[in-house]
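Peer 1: sharing a model prediction with you, sequence too.
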Amino acid sequence: MRHTISILVENKFGVLSRISGLFSGRGYNIESLSVGETIDPNVSVMTIVTSGDDWIVEQINKQLNKLIDVIKVVDMTELDHVEREMVMIKVSPRQEDKAEVLRIADIFRGRIVDSSPKTYTIEVTGEEKKIEAFVELLRPMGIKEFVRTGKIAIAREGIKKP
Amino acid sequence: MKMTGSEILLESLKKEGVKHLFGYPGGVVLNIFDLLHDEKELQLILTRHEQGAVHSADGYARATGKVGVALVTSGPGATNTVTGIATAAMDSIPMVVITGQVPTMLIGNDAFQEADIVGITRPCTKYNFLVKNVSDLALTIKEAFHIASTGRPGPVLIDLPKDVTTSKAEFHWPDQVKIRSYNPTYEGNKYMITQAAHMIAKAKKPLIIAGGGVISSDASKELREFAETTGVPVTMTMMGLGGFPGSHKLSLGMLGMHGTYFANKAVQDSDLLIAIGMRFDDRVTGKIDAFAPNAKIIHIDIDPTSIRKNVRVDLPIVGDVKRVLTVMNKVIHEEVKDPWAEVRKAWTKQIDVWKKEHPMDYDRDADVIKPQYVIEKINELTKGDAIIATEVGQNQMWAAQFYKYDKPRTWLSSGGLGTMGYGLPAAIGAQLAFPNKLVIDIAGDGSIQMNIQELATAVINKLPVKVAILNNRFLGMVRQWQELFFQERYSHTKLHDTVPDFVKIAEAYSAVGLRATKKSEVVPVLKEAFAIKRPVFMDFVIDWTEKVYPMVPAGAAIDQMLFREEDVKKPEKKLKAVK
């Protein structure tokens, strides 16, 4: 099963390599990884998507917790949470497909972030499936390049019923 | 007052109570070595190789329980420490290794003698630091010693660029250190401990497996009280030897691949395993699916990652072994009444039967020198009161099987990594810590040649270590496997023509060399060596055909043991072995 793990770490050099080294050294898989500072510049948050059975995921959580620079590990999969990733796609459609590209971008609430006589670059944010669907729809239009951020996740705040 | 980085380093080491460090000089650490020239409180022991320095610091740490310290230069000096660091990491040994580094402005430029040692050692240290600013140095050293010696101990590396050793800063020694992301759990959960006590009370065939954690948390006394109150027999992992007295009536000796028959049988037949400070290494469990099929498992360990890593656990207790056992003993005295001994009678009787079926034995009537005989005689002559270091291989296993370790910190051996060349430098470290104790390295002719140059360190520092070489002219353990599983095709394990004259080597280093080629010479050689107050090589020319038995073939269940040649030749045994 896939797990999205959010890791709060000290914002120091070498920490990313400690985390990725832990995964490679123990043979765990990283499907995606994204890192960024939090509101506290001394702390970064990493979101790692990995997969494995309960046994492996338990070990991943424990091993991450054991690293000296790791402040907190949360397996988002066990919580109600919101996930997003972003993609930027550069397409170079034929003249007759240009309108269709813009229509698809609109349906997916994409934004055109750059255009040239031959290309459009479109930014889309959303859950993984939405991104995949978007990419699939554009594939026949001539994708020139595309980049994805990897997933980020945040827990939903519970709402107390009145 | 402002001090240079080199002065801050030495001052900080003194504040940490360091008396000895092991090392080797080089270009970028010259400023530190210059200060060491006139230093009175800190003694640097010059080894002949950086690997020797780190193993010596490791042996010092295992024998004393203090943090071992090594100081080396950048580049090759630093990379030569990697094997020693990995050895300490696998066996959870507290150690601080200080490596020199090229000046900060040259880092990353492929400068002369530059190596990214922080990157290289990241997977084999508990933590490592690159100090970029001299004002961070004192705190870094304090944190390094704190991390190395607390929680599950381990090696910490500090990489120190040359300009940091020469630039100046105010020296502030922090009173304490607080790392927000590092908070080991020491106290075991009281509810879990009570549950465990009740499980033990109910069990009919319980067994304690004691590991190296018993020794690192200084819990031998508590373990003994626990075992004696409950009447539960104790088997030890190789790292746990000495954690419980080997000559105690409840001791079953070592378990696992070369463990005793009765320990392995007891594990497989038990209904409750109480695993204390051990991590279910594959050399202990054998085939995992077949391990202790009827037993519930209670696992006490300070490191949560060790729990449920290899085997299922029914009751985990995360905490320091000493503290958990202290509470456990109290609970047992207070809450659990005494059904113990009566219920266990059948169990201890059964174990006695197994003990009689296959005691630890070898051909005692042989004319040639049997290695086990040498170890037994060492045990007799020292009355078990020596510190034994070993190399790795057959010598290590015979030393584990035939010497009775009654006290903790008297057995120094590379368990997890299995590092050949560990024993001699480790013995040097232990001898430095205990100048009046008898320290013996039990070695093979292959292993001793991996760090043989450290004999010079022993001679020059007047450290009278004794090295008992069990010389079979082979890389014995590998040969044993070739014999059992590779149809006696001795590919590259024969050292026959190239084994040096160890007596002459000893003499060349101004040490003493002795040799025994007949059984009758063993005791006189040992006696003579033990009486000499100088380093001695004892070359015991042993029966080269001797193998380590019992043996569980890799991949087999731990009670599927081979005892003698005849077992190996039985077709059904051979089949199991090859699987």
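Peer 2: Thanks, I have it.
Peer 1: spell out which residues of chain A are next to chain B.
Peer 2: A:9-10, A:14, A:17-18, A:21, A:25, A:55, A:58-59, A:62-63, A:65-66, A:68-71 (C-beta under 8 Å from any C-beta of the partner chain). Where you see a C-beta, it was placed from the backbone N, CA and C, and this is true even at glycine.
Peer 1: one more time with 6 Å, if that's ok
Peer 2: Contact residues (C-beta under 6 Å from any C-beta of the partner chain) of chain A with chain B: A:21, A:25, A:62, A:63, A:66, A:68, A:69, A:70, A:71.
Peer 1: could you give the mean pLDDT of the helix or strand containing the fourth one?
Peer 2: I take that to be residue A:63. Here residue A:63, judged by DSSP states H and E, is contained in helix A:54-66. Confidence for helix A:54-66, expressed as mean pLDDT, is 94.
Peer 1: likewise for stretch B:318-335?
Peer 2: If you average the pLDDT over stretch B:318-335, you get 94.
Peer 1: before we move on, what about stretch B:276-291?
Peer 2: Taken as a whole, stretch B:276-291 has an average pLDDT of 94.
Peer 1: hmm, it touching chain A?
Peer 2: No. Using C-beta under 6 Å from any C-beta, stretch B:276-291 stays clear of chain A, with a minimum separation of 12.0 Å.
Peer 1: distance between the ends of that stretch?
Peer 2: 17 Å (C-alpha to C-alpha, to the nearest Å).
Peer 1: can you give the contact residues for that stretch?
Peer 2: Residues from elsewhere that reach stretch B:276-291, judged by C-beta atoms under 6 Å, 6 or more residues apart in numbering or on different chains: B:209-211, B:213-214, B:237, B:256-257, B:300, B:306, B:310-311, B:321, B:552, B:555-558.
Peer 1: re the thing from before, in a markdown table, list the residues of chain A next to chain B along with distance to residue B:105 and neighbour count.
Peer 2: Shown next, in a markdown table, are these (distance: C-beta to C-beta, whole Å; neighbours: other C-beta atoms under 10 Å in any protein chain shown):
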| residue | distance to residue B:105 | neighbour count |
| --- | --- | --- |
| A:21 | 27 | 15 |
| A:25 | 31 | 12 |
| A:62 | 40 | 18 |
| A:63 | 36 | 20 |
| A:66 | 35 | 19 |
| A:68 | 28 | 18 |
| A:69 | 26 | 20 |
| A:70 | 31 | 21 |
| A:71 | 32 | 17 |
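Peer 1: in those, find the pair that's most separated.
Peer 2: A:25 and A:71 (21.1 Å; C-beta to C-beta).
Peer 1: list the buried ones in stretch B:406-419?
Peer 2: B:406, B:408-419 (16 or more other C-beta atoms under 10 Å in any protein chain shown).
Peer 1: using CSV, lay out those residues together with distance to residue B:159 and secondary structure.
Peer 2: Converted to CSV, those look like this (distance: C-beta to C-beta, whole Å; DSSP: H, G, I helix; E, B strand; the rest coil):
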residue, distance to residue B:159, secondary structure
B:406, 41, coil
B:408, 33, coil
B:409, 30, coil
B:410, 34, coil
B:411, 32, strand
B:412, 27, strand
B:413, 29, coil
B:414, 24, coil
B:415, 27, coil
B:416, 24, coil
B:417, 22, coil
B:418, 27, coil
B:419, 23, coil
